[in-house]
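In: After the sequence you'll find the predicted model.
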Amino acid sequence: MTTEDANEKRGFKVQDHRRFSESGEARDDRPDPHDAAPAQPSGDQTREPAQAPAPDLEINFSTFVISLSTQALAHLGEIPDPIHNTVAKDLAAAREMIDILGMLREKTKGNLDRSEQALLDNILYDLRMRFVQSTQMRR
């Protein structure tokens, strides 16, 4: 029995699912992940059910900024935490997220289109005002 035959009997196969090749070019030969058969549930049904996978959304600068602002809103207690579905304030974490967005604004200055710049400016203004209101309520 050869080593290759032994590996086949173990049922272990590695497939490259990366979107880009080593040279950085997009791959067209990737298998569609939606064609794969769903995993069979194990016999252990006592565990909490897993969350449904998030839909494949386009990740671009705007969606990245919105995701950071959503985290800041959750830390400000403005929206429920998406994982635990609870509302809790963590002003230090909110300030950190706002500072990250501010740093992003400075580092991308001159490299964004008008809509991206306006989105970032508006989100930063809104979050900073909400942060100030949250800190004034604590006093």
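Out: Received it, and whenever you're ready, just let me know what you need. Numbering: from 1, shown residues only.
In: Name the residues that touch stretch 92-104?
Out: For stretch 92-104, contacts defined as CB atoms under 8 Å, 6 or more residues apart in numbering pick out 65, 68-69, 71-72, 75-76, 120, 123-124, 127-128, 131, 134. Every C-beta, even on glycine, is put in place using the N, C-alpha and C of the backbone.
In: at 6 Å instead, please
Out: Here stretch 92-104 makes contact (CB atoms under 6 Å, 6 or more residues apart in numbering) with L68, Q71, A72, H75, L76, L124, L127.
In: what does stretch 113-131 give?
Out: Stretch 113-131 is contacted from outside by F61, S62, V65, S69, A72, L76, I98, L101, R105, using CB under 6 Å, 6+ apart.
In: Redo these as TSV? Include secondary structure, pLDDT and distance to R114.
Out: Putting the contacts of stretch 113-131 into TSV (DSSP: H, G, I helix; E, B strand; the rest coil; pLDDT from 0 to 100; distance: CB to CB, whole Å) gives the following:
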residue	secondary structure	pLDDT	distance to R114
F61	helix	94	13
S62	helix	93	12
V65	helix	95	14
S69	helix	95	19
A72	helix	95	23
L76	coil	94	27
I98	helix	97	22
L101	helix	97	18
R105	helix	97	14
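In: most neighbours, which of those residues?
Out: A72 (27 neighbours; other CB atoms under 10 Å).
In: measure that residue to M97 for me?
Out: 4 Å (CB to CB, to the nearest Å).
In: same check, this time on E106
Out: Relative to M97, E106 is positioned 15 Å away (criterion: CB to CB).
In: higher neighbour count, the two?
Out: Residue environment comparison for E106 versus M97 gives the larger neighbour count to M97, 21 against 7, counting by other CB under 10 Å.
In: Please report how far that one lies from L91.
Out: Going from M97 to L91 by CB to CB gives 11 Å.
In: Next, give me the two most distant ones among the contacts of stretch 113-131.
Out: With CB to CB as the measure, no two of the contacts of stretch 113-131 lie farther apart than F61 and L76, at 22.6 Å.
In: Counting neighbours, what do you get for Q136?
Out: Considering only other CB under 10 Å, Q136 is surrounded by 8 other residues.
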